[in-house]
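# give me a 3D structure for the following:
(one chain, ligands or ions: 1)
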Amino acid sequence: MGGKKALREEVVRRFPLSYEKYIEVFGGGGWVLFHKPPGNDFEVYNDRNSLLSNLFRCVRDKPDLLINALKYVLNSREDFDRARLALRRRRSTDIQRAAWFYQVIRQSYAAALTSFASQPHDLWRDFPLIWKAHRRLADVVVENQDFETLIRHYDGPATFFYCDPPYHTTEGYYQNIGEDGFKERDHIRLRNALLSMEGKFLLSYNDDVFIRDLYDEPGIQIEPVTRLNNIRQRYDPNCQFSELLIANYDMAERGRATAQFDLFEMEREF
Ligand SMILES: C[S@@+](CC[C@H](N)C(=O)[O-])C[C@H]1O[C@@H](n2cnc3c(N)ncnc32)[C@H](O)[C@@H]1O
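Predicted structure coming up:
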């Protein structure tokens, strides 16, 4: 929920020009991490939801075992309900939990984990993608921390944090399997952690008065951007959703550097 598929290019384009550590604080489905080119930076994926961090760890470390566990999954309502219930009730191995979770994400309506989507989906088609994700994650550290502990742990002048917290006023969506919900006090806690850090941060939020007020501080840039609405897009292809990108550095620096580089290339050609 709240995946940055439609906004990932806009987000990556605003990354700072240089940093040594990249920390994705609210990793979720990892849309931004998977879009960002791997470089020489030290990368961390974090999510407080242990089902997500466990899935990412299993994809990174044991993709063959995960694929084996997914081979005989049925695309049926009964199998979906059984996996969903098992995630809540049963203790099991990391691989089995990752497989149940993957099945429930793939087979639920809008990947919301709640109801069976009744769509044909052959999990075997995903196996090459799991291997690809395994290769991309090979050098990524996977964490399962609350954002405040994580930020304190990795903060430093050369650290860059990308933060995509649960949207303000939609926190209820996150009280799903394995999640505790994100309250008003957590939005304030996040602001305090970000405004007192040594490193750089880029934050994405829904466009909302409370959030605009919270970050109305000297040295903080707030830029509104629009994107297609992931879910409503099915019914209305032009439905736009307004978001905020907030940073404690100049978000245009990369764009300016690229423009200068293009000019330099053009001058060389003539
Ligand atoms: C908007 S989603 C991130 C989506 C992600 N950027 C993507 O594109 O897929 C927010 C994520 O924050 C996680 N989360 C909620 N509370 C958290 C906390 N206290 N610390 C760290 N992560 C948390 C949720 O589990 C959820 O996956």
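# only alpha carbons, please: show stretch 32-45 as CSV.
Taking Å, rounded to 0.1, in the frame of the first residue of the first chain, the C-alpha atoms of stretch 32-45 are listed here in CSV:
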residue,chain,number,x,y,z
VAL,A,32,12.5,3.1,-5.3
LEU,A,33,15.4,0.8,-4.3
PHE,A,34,14.8,-1.4,-7.3
HIS,A,35,14.6,1.7,-9.6
LYS,A,36,17.7,3.3,-8.2
PRO,A,37,20.8,2.2,-10.0
PRO,A,38,23.3,0.2,-7.8
GLY,A,39,26.5,2.1,-7.4
ASN,A,40,29.4,2.2,-4.9
ASP,A,41,27.1,3.3,-2.1
PHE,A,42,26.3,1.2,0.9
GLU,A,43,22.6,0.4,0.7
VAL,A,44,20.1,-0.5,3.4
TYR,A,45,16.5,-1.6,3.0
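# burial measure for Glu184, as a count.
Neighbour count of Glu184, defined by other C-beta atoms under 10 Å: 11. (Each C-beta comes from the backbone N, C-alpha and C, glycine too.)
# who are the contact partners of it?
His168 (C-beta atoms under 8 Å, 6 or more residues apart in numbering).
# can you check the one 3 residues further on too?
His187 is in contact with 165, 168, 210-211, 214, counting by C-beta under 8 Å, 6+ apart.
# again, only using 10 Å
The contact partners of His187, taken as C-beta atoms under 10 Å, 6 or more residues apart in numbering, are 165-169, 171, 205, 208, 210-211, 214.
# which of those residues are close to the ligand?
165-166 (C-beta under 6 Å from any ligand atom).
# mind listing which of the contacts of His187 are in strands?
Among the contacts of His187, the members found in strands (DSSP state E) are Tyr205.
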